[in-house]
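Student: Sequence below, structure please.
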Amino acid sequence: MELAQKETMPDGSVKAIYKTQGTCSQYIEVGVKDGVVTHCHFYGGCDGNTKGLAQLVVGMKAEDVISKLDGTRCGMKATSCPDQLCRAIEQAMK
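Tutor: Numbering: from 1, shown residues only. A predicted model of the protein is given here:
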């Protein structure tokens, strides 16, 4: 797991930029405040799928996102963009 950048924003949320591993997306930018995903953006990857996924998770409890998406695989790969999103959220919450 590689955290490229992490910062606390003026509103108290934590923004993390996570370098993905084993996926078409290169980075995921995620914001978390009080255990809720406030922002999500994928850099690279399948455009429609990552945009849709990002829209779905904003407003969700971080723990719910992780419980639903953790371990999701893409084809024969050991991981996926949803699985990597879980890693990014975990890093933001540390």
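Student: Measure how buried the nearest residue to Cys24 once chain neighbours are set aside is and give me the count.
Tutor: Distances taken as CB to CB, 6 or more residues apart in numbering place Gly45 nearest to Cys24, at 4.6 Å, with adjacent residues excluded. Bear in mind the C-beta positions are built from the backbone N, C-alpha and C, glycine included. As a burial measure, the neighbour count of Gly45 was computed by other CB atoms under 10 Å and equals 21.
Student: Quick check, Gly45 in contact with Gln84.
Tutor: No - assessed by CB atoms under 8 Å, Gly45 is found out of contact with Gln84, at 9.3 Å.
Student: Contacts for the strand or helix carrying Lys51, please.
Tutor: With the criterion set as DSSP states H and E, the secondary-structure element containing Lys51 is helix 47-57. Outside helix 47-57, the residues that touch it by CB atoms under 8 Å, 6 or more residues apart in numbering are 25, 37, 40-42, 65, 81-82, 85.
Student: Which pLDDT value goes with the nearest residue to Cys74 once chain neighbours are set aside?
Tutor: Distances taken as CB to CB, 6+ apart place Ser80 nearest to Cys74, at 3.7 Å, with adjacent residues excluded. At Ser80, the model reports a pLDDT of 97.
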